[in-house]
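Colleague: Predicted model and sequence follow; I will ask about them next.
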There are 6 protein chains.
Amino acid sequence: MNSVRMDNISWLEYEQRVKAGSVVFLPCGATEQHGPHLPLGTDALLASAICEDAAREVGGVVAPAISYGYKSQPRSGGGQHFCGTTSVDGATLSGMIRDAVREFHRHGVRRLVIVVGHFENQWFVTEGIELAMRDIGDNSGMEVMRVEHWEFCRKETLDAIFPDGFPGIALEHAAVIETSMMLHYHPQLVSLESIPEHGPAKFPTYDMYPARTAWVPSSGVLSSAKDSSSEKGRLLVTDVVDGIATAVRQEFGLPGHVHVTSLQPQVVD
Amino acid sequence: MNSVRMDNISWLEYEQRVKAGSVVFLPCGATEQHGPHLPLGTDALLASAICEDAAREVGGVVAPAISYGYKSQPRSGGGQHFCGTTSVDGATLSGMIRDAVREFHRHGVRRLVIVVGHFENQWFVTEGIELAMRDIGDNSGMEVMRVEHWEFCRKETLDAIFPDGFPGIALEHAAVIETSMMLHYHPQLVSLESIPEHGPAKFPTYDMYPARTAWVPSSGVLSSAKDSSSEKGRLLVTDVVDGIATAVRQEFGLPGHVHVTSLQPQVVD
Amino acid sequence: MNSVRMDNISWLEYEQRVKAGSVVFLPCGATEQHGPHLPLGTDALLASAICEDAAREVGGVVAPAISYGYKSQPRSGGGQHFCGTTSVDGATLSGMIRDAVREFHRHGVRRLVIVVGHFENQWFVTEGIELAMRDIGDNSGMEVMRVEHWEFCRKETLDAIFPDGFPGIALEHAAVIETSMMLHYHPQLVSLESIPEHGPAKFPTYDMYPARTAWVPSSGVLSSAKDSSSEKGRLLVTDVVDGIATAVRQEFGLPGHVHVTSLQPQVVD
Amino acid sequence: MNSVRMDNISWLEYEQRVKAGSVVFLPCGATEQHGPHLPLGTDALLASAICEDAAREVGGVVAPAISYGYKSQPRSGGGQHFCGTTSVDGATLSGMIRDAVREFHRHGVRRLVIVVGHFENQWFVTEGIELAMRDIGDNSGMEVMRVEHWEFCRKETLDAIFPDGFPGIALEHAAVIETSMMLHYHPQLVSLESIPEHGPAKFPTYDMYPARTAWVPSSGVLSSAKDSSSEKGRLLVTDVVDGIATAVRQEFGLPGHVHVTSLQPQVVD
Amino acid sequence: MNSVRMDNISWLEYEQRVKAGSVVFLPCGATEQHGPHLPLGTDALLASAICEDAAREVGGVVAPAISYGYKSQPRSGGGQHFCGTTSVDGATLSGMIRDAVREFHRHGVRRLVIVVGHFENQWFVTEGIELAMRDIGDNSGMEVMRVEHWEFCRKETLDAIFPDGFPGIALEHAAVIETSMMLHYHPQLVSLESIPEHGPAKFPTYDMYPARTAWVPSSGVLSSAKDSSSEKGRLLVTDVVDGIATAVRQEFGLPGHVHVTSLQPQVVD
Amino acid sequence: MNSVRMDNISWLEYEQRVKAGSVVFLPCGATEQHGPHLPLGTDALLASAICEDAAREVGGVVAPAISYGYKSQPRSGGGQHFCGTTSVDGATLSGMIRDAVREFHRHGVRRLVIVVGHFENQWFVTEGIELAMRDIGDNSGMEVMRVEHWEFCRKETLDAIFPDGFPGIALEHAAVIETSMMLHYHPQLVSLESIPEHGPAKFPTYDMYPARTAWVPSSGVLSSAKDSSSEKGRLLVTDVVDGIATAVRQEFGLPGHVHVTSLQPQVVD
């Protein structure tokens, strides 16, 4: 039994934690091709594992993952033409998030963190939160934090991991960051010998519809995962979990956070 | 690694199975109070476990569960006033199913089984399938089976398990069937000592809105789970998994099914 | 002039009754094949007639019927492949109910009874009520009762009418209950000589999409209506009307109801 | 039994007529205040009665009326502040019509006439038809006629009935045309002695939201119904029924229509 | 710089005006064929120009036009079969208006005028306003006026401009009124030599779907624009701008309006 | 008359160009605060001007701008708490785009470019295109390009304009790029003396709901616009217009494009 998971505990246990002010984490992933070496569930698996680690740090609870995400785009996830990629309409995802936020509010939750693990989800998750907050009304006390977990990878870590320069998060699909994190959390689901050899995808600065599938490597991998390692995964995950825990403590005023006088949020460098 | 789970395999492995004609199973659960002794994730956990067992029997693949279901009703799930019950609007659930069915069709899947593990889901899952089939169009060859897993419990088994008579599936919320199945699949998530003592709930034949919460036992359990056992769970699960596998073989014409001349579907007794 | 019908009275007369606390009844039927012997409007006609009888007992008003229901399913209504069955999407029916409930609330109505006369409507009517109640807000004083009328048939009556055992309500489509009730209320619309001879339909415990039309008798009748009679109709209707009236008096605290101390709702046997 | 009504006949009888090419009529009314002298159901009652008369002339079938219409506006129906007026959102009405048109098409119907009996319905009915036709696709052969029944009142008749000049159809709410038609079709539902004495409402050329209820006579009647009579009703109804029957014969090429060489539709004078 | 246009001023300037009680005008046009002599943007261009003139008179601000309107109908705009006509679904237009009204309310605007410049928009704009007002809630103080600008053309002006009688506003599509107004506001966009020679369109009193395109002149012009002139445009525009300004002053109680004791709104003649 | 604008030309002229294969450009902007020195219409004004320049280069036509965009977010547009920012729901924007794409397809347009001028629009525009393409169906020949115009600013230009390093596009809201472009296209709408003095905003890597308005400079400007100039605007606009024209020629195979053998799209550096 994993007592940090909401689906593993009874409603009475959950209610007790909510009354004690626990933060609820909602992982929001996808079912999407991640190359020949990573499983289709990578985005939800990573978002869930990161949520669990962060929840342990701040005494939180992790709700069941949303396992189907917004439509994969060629420049960030390879696109919808891959077999196995199973995506939902924008309105479906926004509705899912809206309903969940409303329900957590009804439970008495006032500190909710939605951890996005699939690049294409961000804006439809945002809309879902916006719709819920409008329904809930002002002065409800409900606060929601939305994070894309990779945004907490520190510059120092990225510099160390990418000595030739970080290619940018969009091209990181099924590449070093995700593969290393999976090697850290779920090594048995990674097939290192299946990592394709080809170089990074090159994309123009725009999108075409129908998707120009010729732009996308047939493997579904957007840049090399060759240099992935469990150790790199550990470094990256540590950044992300620490970053989320720090943000949570600061924004929700939890104990363990030294509240500084002047506003000094974790800034984008 | 659990190779029957879609989220554990790569898109290439999945594609290979789809091309070979594998049946895809989609578990459709809920996050809902299940009394003091069962976890909030019971419906999705059971639907997933049953799907995995059935998939193993017929060479199928199990897609990630839909973990949030339609609103709990007092007479079948205790109602929406319980903390922890986290439900979605009907249109959200139908949209989720519609999108998923459309995507499986795009993958080339032609044999899809949706296993409903939450009583209140049935009609919104039905609508989701209907909407998808309309979009997909006639002559697509796509076939979807929708099952409520408990419907495969055989009369003989129920008679054995309920010597005083089966109270009906609606009252079985968090009771003997679900508790026994959980003892079979996830014993570490069942807290036998927390099973409440009270007798079965008594409901009128209609519903009131707002819900009359006084009708519902404050434990959330609708009838006694005292007589649950892992052995009963094994019997029930065997019925259900065999029933689904038999239905799948028959309806999809899979090998292993002795196709009889006259129509003799598994009938309602 | 039928002064119990809302569409037959002026808004001033209606307003007066609403101010006096009258219960409003909303019949919710369908346009659906009911075999060769019953008319397409059976579900709306029965729901309306029952509402009128119940309204007369408790001093209520009957709103115009919703005449188009949710999609017919093979195991309960024969399915959508029949000519004449005219159904709406789930969202349309839920929207219709949501809008109506909101409007009755605006009128000042606080006691609304929705009488479902079509099996497939139940959950979309439920969602419509849920959506309206959310919009109306807590503390509005609005109370809605949702009933499926056949649920009030007493065990004694069913035992008398079905000496060989009651086949269950789903199979009762266009069978003894509906035919007898129609013989009671609208005998001129029943063609006894057209009742088909075949035995009851046999269905598996699951549904297939597209519908397996071979499962459904080509008549559209799911079990024999041969033993129907006007007298049986009278007995059944009496159960139903009395049951609704009793429930209404109890739940809405109307005069004529002896309010007992301990909760003793009309229970499911 | 009224064999022109779809809800009074069996699906087999209906199917036979559809196969024979019968025109289907769908009345689209409202539940709306119509002054102290007319019932709330006036719009649906009139649309239904007119449909039945027209169907008898051209061998058609009348589907059950849609009894709830779009929101009443002050300048044409008095507005939404009246008790008893029970209206739906635009999307609900359009969805209802879309679903119904789709279903009639599935039945094999290729000639559908939607008779609008409530001024405010027109554009949402139009959108419902447009949405259905898009779904049905080109080359389906399905043809839909949408009529507002009052548009068929001939200039000669209006001149005779309104010797002081016709005030325009919007102001005719609950006035001479509707009252006379009701005296023709449903005299027992008209309370002549309740017709209010006041003169016609005076409205500006624009609308205000929230509605300026002071603009609307508190009776709900927009211009005098004092000069109504059953005989006027007969004249008006004759115009309308003949007009619809003529239009139907011409547009759908039915027998009884002398097809002229040059296009000469019934024009607006 | 045109300081009456919201899109030309900064948010600080806009905020200042809103705080001072300025009226906001929202033009709601279309992109629709207007014959060979008028541009596709006619409806939005006219609505915007009229809004600017009216705003100057009452110290208002003009929001950016909504440039895409509801589907063109044969009898009022020629229909959807013309190339260039670019229309939206009813729900899209209503959603657009709903969202805009909600946002102006959030800004602190309490006096909003929506000027409809496309006949087919009226009811979907109405629904958009109704939806927003429901969301905003009672007692918000928000007031919205919806005008179709041509409704302010005075009878005297129409009599002068149409000595042979006014054919009615629907047939005025791309005809004398619109052409003259465009000659007044945007003469460089009018191609007088391209005005077609044919007489007025003749339509029946109903609509057919799919549209009977043979009913519509292939030019897209519904009645002659030959007698258009810039001077007529000036007269018409003066009526409309004065009418709107007068209505705004009266309804919103602005200075410059002589408030008369008895209600005497500008009435429909 | 500006003959590159669709709203300035007649439908016959437009039809001729569409038949000749003209590319249609659809600018998609917003009404959003842009600091004290830029107008609320900046995003739509820039997107429109860029579309017109690009259309002139490739012989295209510019459709009327969509002037209302998705909700402003603190880290990219300051957020929804500013007066004047007038945004729509995600579904409204997606619906607007979906409808427009469908209509252009009906016109016979096969080459459509949507130019996004508001950061927050990107994903809802994407969904609108995806929805339209699904409706239009495969093999329609319709191709849509979606560009965010700033993505075409070349590295060399950004290096020259930002000698201290480019702060990233999100922080560029109402800053040097937009201000310089506006100085190039609409100098009379820029108030240089109103540019605020404060340094760049500092944001964490996540978002909070309700928005932490204290994170956002009260001016609405996210980084300094002090160094803006018309000359910089010219350089930036030249990059963007050339970039779009080149992309259009390449992707749509227009004359003037030297088609190279190996795929060498304009890559992200």
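Modeller: On my side now, so go ahead.
Colleague: Now A:T31: phi and psi?
Modeller: When read as degrees, to the nearest 10, the backbone of A:T31 gives phi -120, psi 100.
Colleague: and it, how many neighbours does it have?
Modeller: Here the number of neighbours of A:T31 (other C-beta atoms under 10 Å in any protein chain shown) works out to 28. Using the backbone N, CA and C atoms, a C-beta is placed for each residue, glycine as well.
Colleague: Specify the beta-bridge partners of it.
Modeller: As for beta bridges, A:T31 partners with A:T86 under DSSP bridges.
Colleague: can you pull the contacts of it?
Modeller: The contact partners of A:T31, taken as C-beta atoms under 8 Å, 6 or more residues apart in numbering or on different chains, are A:40-41, A:43-44, A:67-69, A:84-87, B:6-7, B:63-64.
Colleague: backbone phi and psi for A:D242, please?
Modeller: phi -60, psi -40.
Colleague: show me what contacts it?
Modeller: Per C-beta under 8 Å, 6+ apart, neighbours of A:D242: A:E57, A:F152.
Colleague: Quick check: it vs E:H81, distance?
Modeller: 62 Å (C-beta to C-beta, to the nearest Å).
Colleague: One more: A:P167?
Modeller: In terms of C-beta to C-beta, A:P167 sits 50 Å off from E:H81.
Colleague: Going along the chain, name the helices of the stretch 51-200 of chain A.
Modeller: Under the criterion DSSP state H, counting those that start in this stretch, helices of the stretch 51-200 of chain A are mapped to A:74-77, A:90-107, A:122-136, A:155-161, A:176-185.
Colleague: Quick one, grab the pLDDT at the residue of the stretch 51-200 of chain A found nearest chain E.
Modeller: Closest to chain E within the stretch 51-200 of chain A is A:R134: 8.4 Å, counting by C-beta to the nearest C-beta. A:R134 is assigned a pLDDT of 97 by the prediction.
Colleague: again with A:G256
Modeller: Note for A:G256: predicted pLDDT of 65.
Colleague: can you check A:Q266 too?
Modeller: The model's pLDDT for A:Q266 equals 35.
Colleague: and what of A:I169?
Modeller: For A:I169, the predicted pLDDT is 81.
Colleague: Flag every buried residue along stretch A:92-108.
Modeller: A:92-107 (16 or more other C-beta atoms under 10 Å in any protein chain shown).
Colleague: Find the residue at the geometric middle of chain A.
Modeller: A:G117 (2.2 Å; C-alpha atoms, centre = their mean).
Colleague: for whichever residue of the stretch 1-150 of chain A sits closest to chain C, what are its contacts?
Modeller: Going by C-beta to the nearest C-beta, chain C is nearest to A:D135 of the stretch 1-150 of chain A, at 8.4 Å. By C-beta under 8 Å, 6+ apart, A:D135 lies in contact with A:R98, A:R102.
Colleague: distance of it from F:E127?
Modeller: 21 Å.
Colleague: One more: A:C153?
Modeller: Where F:E127 is concerned, A:C153 sits at a distance of 28 Å (C-beta to C-beta).
Colleague: Next: A:A247.
Modeller: Note on A:A247: its distance to F:E127, by C-beta to C-beta, is 29 Å.
Colleague: So between these two, which is more surrounded?
Modeller: Taking neighbours as other C-beta under 10 Å, A:A247 and F:E127 compare with F:E127 leading, 26 against 23.
Colleague: pLDDT weak spots in chain A?
Modeller: A:256-269 (pLDDT under 70).
Colleague: go with 50
Modeller: A:258-269 (pLDDT under 50).
Colleague: hey, where'd the strands end up in it?
Modeller: With DSSP state E, the ranges of strands along chain A come out as A:24-28, A:61-62, A:111-116, A:143-148, A:206-209.
Colleague: Let me know how buried the nearest residue to A:H105 once chain neighbours are set aside is, in neighbour terms.
Modeller: Distances taken as C-beta to C-beta, 6 or more residues apart in numbering or on different chains place A:M142 nearest to A:H105, at 4.9 Å, with adjacent residues excluded. Burial of A:M142 is recorded as 20 neighbouring residues (other C-beta under 10 Å).
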